[in-house]
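Student: okay, predicted coordinates and the sequence, questions at the end:
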Amino acid sequence: QVQLVESGGGLVQPGGSLRLSCAASGSIFSINTMAWYRQAPGKQRELVARIISGGSTNYADSVKGRFTISRDNVQNTVYLQMNSLKPEDTAVYYCNADVQISRREANFRYWGQGTQVTVSS
């Protein structure tokens, strides 16, 4: 089994910063793509940013230039540095990882439990 544990959410004022972390643990042979999604009340879950094992990234237009995704392949951890936060960034943030648990197995997508980010004065 594989577990993803997120941390780093909280309450921040507009213009502030937060750094989210998501650590994967368990039976891991390799991790391909890692990503952050978010879901605001009454809205669908949306992709925020993703990073593949080689380091290539892509971002939602709404966060480009403000958010940075990175990963530590030794620690199996993905980070999301969020700067210049806006009230519309308020959401539950979820990480996921496409994990291969052995050489013979295909990738399977695991999700974290989510962490609340609230941007408000």
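Tutor: On my side now, so go ahead.

Student: what's across from Leu4 in the sheet?
Tutor: Ala24 (DSSP bridges).

Student: give the contact list for it.
Tutor: Cys22, Ala23, Ala24, Cys95, Asn96, Ala97, Tyr110, Trp111, Gly112, Gln113 (C-beta atoms under 8 Å, 6 or more residues apart in numbering). Just so you know, the C-beta spots here come from the backbone N, C-alpha and C atoms, and that holds for glycine as well.

Student: any idea of the pLDDT on the second one?
Tutor: Right, the one you point to is Ala23. Note on Ala23: pLDDT of 97.

Student: what's the nearest residue to it if we skip its chain neighbours?
Tutor: Thr77 (4.7 Å; C-beta to C-beta, 6 or more residues apart in numbering).

Student: burial count for that neighbour?
Tutor: Applying other C-beta atoms under 10 Å, we find 20 residues neighbouring Thr77.

Student: format the contacts of Leu4 as CSV; extra columns: neighbour count, secondary structure and distance to Ser120.
Tutor: What follows is these, written out as CSV (neighbours: other C-beta atoms under 10 Å; DSSP: H, G, I helix; E, B strand; the rest coil; distance: C-beta to C-beta, whole Å):
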residue, neighbour count, secondary structure, distance to Ser120
Cys22, 26, strand, 23
Ala23, 18, strand, 27
Ala24, 22, strand, 30
Cys95, 28, strand, 23
Asn96, 20, strand, 26
Ala97, 25, strand, 30
Tyr110, 19, strand, 31
Trp111, 15, strand, 26
Gly112, 22, coil, 23
Gln113, 11, coil, 22
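
Student: okay if I get those residues as CSV plus distance to Arg50?
Tutor: Shown next, in CSV, are the contacts of Leu4 (distance: C-beta to C-beta, whole Å):
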residue, distance to Arg50
Cys22, 12
Ala23, 17
Ala24, 15
Cys95, 10
Asn96, 9
Ala97, 10
Tyr110, 14
Trp111, 14
Gly112, 14
Gln113, 19
